[in-house]
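S.K.: Test case, fold it:
(chains A and B)
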Number of protein chains: 2
Amino acid sequence: MVEVRVTVRLKKGVSDPEGENTLKALHLLGFENVRKVQTSRVFNITIEDGKNIKKEVEDMCQRLLTNPVIHTYEIELL
Amino acid sequence: MVEVRVTVRLKKGVSDPEGENTLKALHLLGFENVRKVQTSRVFNITIEDGKNIKKEVEDMCQRLLTNPVIHTYEIELL
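M.R.: Below is the predicted model:
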């Protein structure tokens, strides 16, 4: 088995409402020294050993895990 | 400025519907060698320099970013 971590981030310029609202909420709670919050999603994928795992995971990213209009992604074999 | 990465994961035994549905969808797309998908959320927090940054971020986690009943979290200073 191989474990792969896929991190999906929003592209620059794409608004991140969850991050913005988290920032507002942190300010309201008194954490006024926080300047920015950016969120991202991580998929930890366990996959059977095989050839071209990275290529296959890239295919998963393009077909299901990300939206190429708004996301960038990073694949790490763990 | 300091950048801190907070990774929020589900505790063991807590169901992860997003991961389960991603797994099903990957199987339907023909990625049958995928065994498990686990999701987690990452907050990248930019914060002004100060004392006890880690303690402060821990406080944020407990008060806003995580639900201690279902989540574990990890704080990394970048």
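
S.K.: how about the longest strand seen in chain A: buried residues?
M.R.: Of all the segments assigned as strand in chain A under DSSP state E, the longest by residue count is strand A:34-47. For strand A:34-47, the neighbour count (16 or more other CB atoms under 10 Å in any protein chain shown) marks A:Val34, A:Val37, A:Gln38, A:Thr39, A:Ser40, A:Arg41, A:Val42, A:Phe43, A:Asn44, A:Ile45, A:Thr46, A:Ile47 as buried. All C-beta spots, glycine's among them, are computed from the backbone N, C-alpha and C.

S.K.: The next helix or strand after that strand - contacts with which helices or strands?
M.R.: On the C-terminal side of strand A:34-47, the closest following helix or strand by DSSP states H and E is helix A:53-60. Other elements packing on helix A:53-60 under the criterion 3 or more CB pairs under 8 Å, 6 or more residues apart in numbering or on different chains; DSSP states H and E are strand A:2-10, strand A:34-47, strand A:71-77.

S.K.: Sheet-wise, list the partners of the longest strand of chain A with their directions.
M.R.: strand A:2-10 (antiparallel), strand B:34-47 (antiparallel) (DSSP bridges).

S.K.: re earlier: could I get the buried residues of strand A:34-47 as CSV with pLDDT?
M.R.: As requested, the buried residues of strand A:34-47 are arranged in CSV below (pLDDT from 0 to 100):
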residue, pLDDT
A:Val34, 97
A:Val37, 98
A:Gln38, 97
A:Thr39, 97
A:Ser40, 97
A:Arg41, 97
A:Val42, 97
A:Phe43, 98
A:Asn44, 97
A:Ile45, 98
A:Thr46, 97
A:Ile47, 97
